[in-house]
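J.: A predicted structure for the sequence below; I have some questions about it.
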There are 2 protein chains.
Amino acid sequence: MTEEEFLKSYKPNDYPSLLLTVDSVLFTVENQSLKILLLKRANHPSKGLWSLPGGFIDTENDATTEETALRKIREKTKVTPPYLEQLQTFSSADRDPRGWSATVTYFALIAHQETETRLTNDTQWVALDNLSTLQPLAFDHQQIIKVALKRLRQKSLYSMLPIFCLPKEFTLGEYHQLMEIILNKMIQKKSLYRRFKASEMFEETGKTVATGARAAVLYRLKTDVELINFERNLG
Amino acid sequence: MTEEEFLKSYKPNDYPSLLLTVDSVLFTVENQSLKILLLKRANHPSKGLWSLPGGFIDTENDATTEETALRKIREKTKVTPPYLEQLQTFSSADRDPRGWSATVTYFALIAHQETETRLTNDTQWVALDNLSTLQPLAFDHQQIIKVALKRLRQKSLYSMLPIFCLPKEFTLGEYHQLMEIILNKMIQKKSLYRRFKASEMFEETGKTVATGARAAVLYRLKTDVELINFERNLG
DNA sequence: AGAATAGTGTCTGTGAGACAATATCTG
DNA sequence: CAGATATTGTCTCACAGACACTATTCT
């Protein structure tokens, strides 16, 4: 049998079906808190519980799971996050009552300013500190969030990843505050600014912003720069 | 409708099916080369091409994709690798001619001594340097290997991960050589030995092994130790 | 003893941590 | 000018890189 003949005789439905979904942990920092986007499930299973934005793959229109993740995030926020990275795939026979299932998860960052007044009604930014008040979460989403948070924190120690939570123009002070919120501990400004400069990823806008005292310089990302990794961790 | 009623009426086959597989990149070092386990495909599609060990999930017996990965590796090598970690999920509408598909990939490490004379006939350790002679590989396995290699090298810079390519008892010299092969560059013995000691993961066996000159001390992993991450990268 | 390989001493360089010092705003 | 916040200077410390040196085993 040639490969062509094989493919002609191949019937996908002869094989046991399983569930494959895509879910995203979208982070932002707002009002001194690290928050994630959650939405209230409208349908069974786990109807009424809070869950991560995600859903089934549309095999006609999504070329990859990354496109599914982006499509679902755009549906809920109306915008495309500037950073999206695959996290991990969670699978098990019993994480979904409908049967054996797997979910390919992504984690994403966005500036909350980008999403303001654009969220759909079933959607909400939830501070990680308040997560316990929304328990239980749908499926194994609690665990997915935990893994995503761990990855975000780890990467923040050796890269400038958190800048994707900042608006287009920002000050060093804002970046410093952001890092302290994400890592939940005090960070030396000097260490951070050294890296900021060494990364060569940013340029001054020429503008400054006043805060009641000495004005702070506004920076922006240079065009077409890549996120670089440092060889040592902070903290 | 209650969740119970919903589940009763839920028919998996009402939904478009897609392919979900699991593939593993199993690394070892043998004869001064970094090698991976490949096998010649016996069936369509890509019959006759070299591919990674893997296959479909057996939803009756595999609780998770990790179990699928281990089952497939065991089938081919008769042993369980001491290190297995999820790599990434690759998906696309056209990576498999049978239709939209995704593969959850793992990367694993093992000492080649463990697998000697136990490999099935369709299976072979292939040096990464010789991969080009086996082109093309099935599906997108070439790219998967590339990503796995990158991860292995990156992790080797800040952890003792490569020790899982060594036999139960080994010398510092063997570890040093192993690192140089994986990273494909010269590594300072002193730096490596400092970390080895600082990790506190190992203990002397009391035995030594002669190599024609001064005998080298044999070490082994302590029981129940965790792989720790260093805060700086090597070279 | 001499060759060969195992393992150590020690100096230099880099970049993070600590925190003091200086600069530049506003009122 | 005083107070507040932004930004820089600079010292210390940990650890990787370099490479010379010592130790141990074999013939």
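T.: Here it is on my side, so go on.

J.: pLDDT averaged over the longest helix anywhere in chain A - what is it?
T.: Longest helix in chain A by number of residues, with DSSP state H as the criterion: helix A:141-158. Taken as a whole, helix A:141-158 has an average pLDDT of 98.

J.: list the buried residues of that helix.
T.: A:141-142, A:144-145, A:147-149, A:151-153, A:155-158 (16 or more other C-beta atoms under 10 Å in any protein chain shown). To be clear about C-beta, it is placed using only N, CA and C from the backbone, and glycine gets the same treatment.

J.: residues of chain A that sit close to DNA strand D?
T.: For chain A, the residues in contact with DNA strand D (C-beta under 7 Å from any atom of the strand) are A:171-173, A:189-190, A:193, A:211-217.

J.: so which two of these are the farthest from each other?
T.: A:190 and A:212 (22.9 Å; C-beta to C-beta).

J.: so if I had to pick from those two, which one is more boxed in?
T.: residue A:190 (8 against 5; other C-beta atoms under 10 Å in any protein chain shown).

J.: are any of the residues of chain A next to DNA strand D buried, and if so which?
T.: Among the residues of chain A next to DNA strand D, those classed as buried by 16+ other C-beta under 10 Å are A:171, A:172, A:216.

J.: and those residues, which is closest to chain B?
T.: Proximity of these to chain B (C-beta to the nearest C-beta) peaks at residue A:172, which lies at 23.6 Å.

J.: burial of residue A:112, as a residue count?
T.: 17.

J.: and residue A:69, backbone torsions?
T.: Here is the backbone geometry of residue A:69 (degrees, to the nearest 10): phi -60, psi -50.

J.: pretty sure it contacts residue A:25?
T.: No - in this structure residue A:69 lies outside contact range of residue A:25 using C-beta atoms under 8 Å: 10.1 Å.

J.: got any residues that touch both of the two?
T.: The contact sets of residue A:69 and residue A:25 overlap at A:106, A:108 (C-beta atoms under 8 Å, 6 or more residues apart in numbering or on different chains).

J.: ok, stretch A:181-201 near chain B or not?
T.: No - applying C-beta under 8 Å from any C-beta of the partner chain, one finds stretch A:181-201 out of contact with chain B, separated by at least 13.0 Å.

J.: what residues does the longest helix of chain A touch?
T.: Outside helix A:141-158, the residues touching it (C-beta under 8 Å, 6+ apart) are A:23, A:25, A:27, A:34, A:36, A:50-52, A:87-88, A:90, A:103, A:105, A:107, A:109, A:128, A:131, A:135-137, A:161-162, A:179, A:182-183, A:229-235.

J.: narrow those residues to those that are buried.
T.: A:23, A:25, A:27, A:34, A:36, A:50-52, A:87-88, A:90, A:103, A:105, A:107, A:109, A:131, A:137, A:161-162, A:179, A:182-183, A:234.

J.: among these, which are in helices?
T.: Under the assignment DSSP H, the buried ones among the contacts of helix A:141-158 contribute A:179, A:182, A:183 to helices.
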